[in-house]
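>>> Let me see the structure of the following:
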Amino acid sequence: MLFNRKNNAAIYIMIFCLYSFTIGQFIPIYFIDSELRAPYYILLLIVLILTVINLLYNIIYKPRKNKPLLPIFMSILILITTFPFFSLVTFALLFNVWTESNVYYVYKENPKVKIISRYIDQGAFGGGTEPEDYHVVLHRPFLFLFKMETEIDTTSIDKSLWIQNDQ
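Numbering: from 1, shown residues only. So this is what the prediction gives:
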């Protein structure tokens, strides 16, 4: 049976990994140090593959006394198709990094809160060359490892609360 107590942890871990690779990409929370992104996503990829292997073993192989070839073939096929797909997704995520280009304003009460311009940097694949690659965002620290960046219109802010950065 798929949903028993032994498989629940693996299913929750797999759901978290899939969430991080898909819907989690649209949440505006990023690592402060972009060097932590690569190990995080590679670790998630490895954990996802291990949980898929664990679930396939617990669902298909363990309950069967005589192991027919069809479930073995299907599980190998599923593993062969999921590994390259999520590997490509992981490496595509590693190539796309938001890079800060200019600081426009700094908040008076907390200098870590800034209004910055950022652009998408895709390494050898380009990025930062088109006007739609640039965004003006409100940059706020979040916990100690993350930053939250949301788009902002600089004409609508109260300029008395901000110090303009002259460069």
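>>> Quick one: mean pLDDT over the top strand by length along the chain.
Longest strand in the chain, counting residues (DSSP state E): strand 97-107. Average pLDDT, strand 97-107: 85.
>>> Could you pull out the buried residues of that strand?
Under the neighbour-count criterion of 16 or more other C-beta atoms under 10 Å, strand 97-107 has Val97, Trp98, Tyr104, Tyr105, Val106, Tyr107 buried. C-betas here are computed from N, CA, C, even on glycine.
>>> contacting residues around the fifth one?
Contacts for Val106 (C-beta atoms under 8 Å, 6 or more residues apart in numbering) come out as Val113, Lys114, Ile115, Trp162, Ile163, Asn165.
>>> For the residue nearest to the second one when sequence neighbours are not counted, which residues are in contact?
Spatial nearest neighbour of Lys114, excluding adjacent residues (C-beta to C-beta, 6 or more residues apart in numbering): His139 at 4.7 Å. Listed by C-beta under 8 Å, 6+ apart, the contact partners of His139 are Glu100, Val113, Lys114, Ile115, Ile116, Lys147, Met148, Glu149.
>>> what do you get if the cut-off is 6 Å, keeping everything else the same?
By C-beta atoms under 6 Å, 6 or more residues apart in numbering, the contact list for His139 reads Lys114, Ile116, Glu149.
>>> chain center to the lowest-mean-pLDDT helix or strand in the chain, what's the gap?
Every helix and strand in the chain was compared by mean pLDDT, DSSP states H and E; the lowest is helix 69-95, with a mean of 74. Remark: helix 69-95 is offset 18 Å from the chain centroid, using C-alpha atoms, centre = their mean, to the nearest Å.
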